[in-house]
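Enquirer: Only the shape, not the letters, is given here:
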């Protein structure tokens, strides 16, 4: 029960069905890299501000880096379980570093940690999708140029209308995807703000 947030409140073991119901690890484990990189930034802040020693901060950062590498290379997986990805990483860090690992959660709330993980994960996935859209637009533009003189019927109200080129038809889709890119860029700009330091509500004492 040491890796449960509520472990200090109960003396007995939770029923397995309730434990499974409470666990989100199978869903949020995909955010492990965002969680670990956010924790590395938090550990660096703790050391720079003198909240923990710089030596402990360095140990936390090194330990987190090793966990990240082990997860990426398949030497560590999520089969050991845990309530969520945050608890999994902290439990693994504490197993490797002892009490030093517990200091990672100093001056931090689950609220800002979850908000940060979601923002970092969505930013990463959004950037990947933007790159894929760029490739798609480039492909459509090349095909449109190739078919600049290929005539086809245009349609309106499901009926054939004036003739257009296949190139123009392809570029109509390119413009739709370009608008999608603009929406992604706008969303990424809005989410690219760090919530670290807000803690549960208004900072920490």
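Expert: Here it is on my side, so go on. As the structure is a computational prediction, the values presented were derived from the model and not from experiment.

Enquirer: helices or strands up against the helix or strand harbouring residue 56?
Expert: Using DSSP states H and E, the secondary-structure element containing residue 56 is helix 54-72. Contacts defined by 3 or more C-beta pairs under 8 Å, 6 or more residues apart in numbering; DSSP states H and E place helix 54-72 against helix 32-48, helix 85-97, helix 99-102. To be clear about C-beta, it is placed using only N, CA and C from the backbone, and glycine gets the same treatment.

Enquirer: Nearest to residue 170, out of the ones you listed?
Expert: helix 32-48 (36.3 Å; C-beta to C-beta).

Enquirer: Okay, buried residues for that closest one please.
Expert: By neighbour count on 16 or more other C-beta atoms under 10 Å, the buried set for helix 32-48 is 32-40, 42-43, 45-47.

Enquirer: picking that back up, please dump the helices and strands packed on helix 54-72 into CSV; it should also carry mean pLDDT for every row.
Expert: Conversion of the helices and strands packed on helix 54-72 to CSV gives the following (pLDDT from 0 to 100):
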stretch, mean pLDDT
helix 32-48, 94
helix 85-97, 91
helix 99-102, 92
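
Enquirer: Adding distance to residue 177, write these out as CSV.
Expert: As requested, these are exported to CSV (distance: least, C-beta to C-beta, whole Å):
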stretch, distance to residue 177
helix 32-48, 27
helix 85-97, 33
helix 99-102, 46
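
Enquirer: Which one of the ones you listed lies nearest to residue 196?
Expert: Closest among the helices and strands packed on helix 54-72, using C-beta to C-beta: helix 32-48, at 6.2 Å.

Enquirer: Please enumerate the strands of this structure.
Expert: In the chain, strands defined by DSSP state E lie at 151-156, 159-165, listed in chain order.

Enquirer: Run the angle between the shortest one and strand 159-165 for me.
Expert: In this structure, strand 151-156 runs at an angle of 140 degrees to strand 159-165, with axes from the mean of the first three to the mean of the last three C-alpha atoms, to 10 degrees as the basis.

Enquirer: Now do strand 151-156: everything it contacts.
Expert: Residues from elsewhere that reach strand 151-156 (C-beta atoms under 8 Å, 6 or more residues apart in numbering): 160-166, 169.
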